[in-house]
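> only geometry, no sequence info:
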Ligand SMILES: Nc1ncnc2c1ncn2[C@@H]1O[C@H](COP(=O)(O)OP(=O)(O)O)[C@@H](O)[C@H]1O
Ligand SMILES: N[C@@H](CCOP(=O)(O)O)C(=O)O
């Protein structure tokens, strides 16, 4: 019996101005415990999945419907392996709440890519794993930070014509919903992703900075929160974000961190103003909690596509979170909050 564990962190994407560009890995994890029996000649036994923690009541346990195992099957099939190993057992324990802007789907995709690589013993590089992840989650911020760990910036390479075609395969072809009785042989293998889609760099991070995640008790799907965004922006708004992002990536590595610099550098005009219609209380929380009213606070923004608020701070965590709770309560929204540290990247043990 071969056994291994895959551990993938939560992520907070954007950090204000870095829409679809930067992500930060956080100390909540999706953990897969995997057992693979030795190969034998007997009839194919479908994977058995069990699940605990966040999302346990809604996540599909059918390996052909579950996001993580579908991604694993995509990696297996692209590398010439037609099916899961017979008798595969997988237990997922998840600490990352679904649909809250803490990268649960990015973590599930990275867990799936790593699972496929381990099951097939392909020994793929991190860069190649990222190619597979980017064919599923097509913005790089969450998946790159979840794979690499820390505070990470990424871009997608401009693809040539052939690669653009290969990368434009619809998600339904990358991740077909295989019928549950698929057995060992069903359908065509999906086309492998082009190589070198995503490129990244890890920024420094000032050790005393912690992340307070203020998590509303409602889900907002990333797809829905992307639908409200415009397709065109003014030069003024683009420059506003670019100026802040350039400062932010270095300001968060300085010790001691400078609240005046960071608070302003975490403002955004590309996504947050449009998402406030979906997240009552968002403008109030981000404007009423400041380094002046709450010493120790460095900056505050929407986490990913929301609805979670991310406050970066060095002290005063409880006061910051409880005051945000009060503002949300006036809008009729209850929240939970957690103080998180910056996590390392994904691991296999
Ligand atoms: N561990 C998981 N296993 C399977 N599916 C997951 C897992 N985590 C998230 N998902 C899927 O991703 C969806 C949430 O994705 P998304 O809307 O992008 O929000 P988030 O901000 O949490 O990433 C969930 O509703 C679920 O379908
Ligand atoms: N850049 C994306 C990030 C989505 O993050 P998630 O954690 O909400 O999935 C966006 O802002 O849409």
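Looks like it arrived, so ask away. Since this is a predicted model, take the numbers as computed values, not measurements. Numbers count the residues shown, from 1 in each chain. Ligands and ions are numbered 1, 2, ... in the order given.

> my read is residue 310 is in a strand, agree?
Yes. Assessed with DSSP: H, G, I helix; E, B strand; the rest coil, residue 310 lies in a strand.

> beta partners of it?
Legend: beta-bridge partners of residue 310 under DSSP bridges are residue 213, residue 301.

> can you name the residues of the protein sitting close to ligand 1?
30, 55, 59, 66-68, 92, 94, 98-106, 108, 221-222, 304-305 (Cβ under 6 Å from any ligand atom). (Glycine included, C-beta is placed from N, CA and C.)

> quick check: the gap between residue 41 and ligand 1.
32 Å (Cβ to the nearest ligand atom, to the nearest Å).

> likewise residue 312?
The spacing between residue 312 and ligand 1, counted by Cβ to the nearest ligand atom, is 19 Å.

> and that residue, how many residues sit next to it?
For residue 312, the count of nearby residues is 25 (other Cβ atoms under 10 Å).

> and the closest residue to it other than its chain neighbours, how far from residue 336?
Among residues not flanking residue 312 along the chain, residue 298 sits closest, at 4.5 Å (Cβ to Cβ, 6 or more residues apart in numbering). Going from residue 298 to residue 336 by Cβ to Cβ, to the nearest Å gives 22 Å.

> for those two, indicate the residue with more neighbours.
Between residue 298 and residue 336, counting by other Cβ under 10 Å, residue 298 is the more crowded of the two (24 against 14).

> which strand or helix spans the more buried one?
If you go by DSSP states H and E, residue 298 is part of strand 297-302.

> touching ligand 2 at all, that strand?
No. Strand 297-302 lies apart from ligand 2 when judged by Cβ under 6 Å from any ligand atom; the minimum separation is 7.8 Å.

> which residues does that strand contact?
14-16, 101, 209, 252, 257, 259, 262-263, 265-268, 271-272, 275, 279, 282, 285-286, 289-291, 308-314, 316, 320 (Cβ atoms under 8 Å, 6 or more residues apart in numbering).

> now, of the residues you listed, which are buried?
When those are checked for burial by 16 or more other Cβ atoms under 10 Å, the buried set is 14-16, 101, 209, 252, 257, 259, 262-263, 265-268, 271-272, 275, 279, 282, 285-286, 289, 291, 308-314, 320.

> done for today, thanks.
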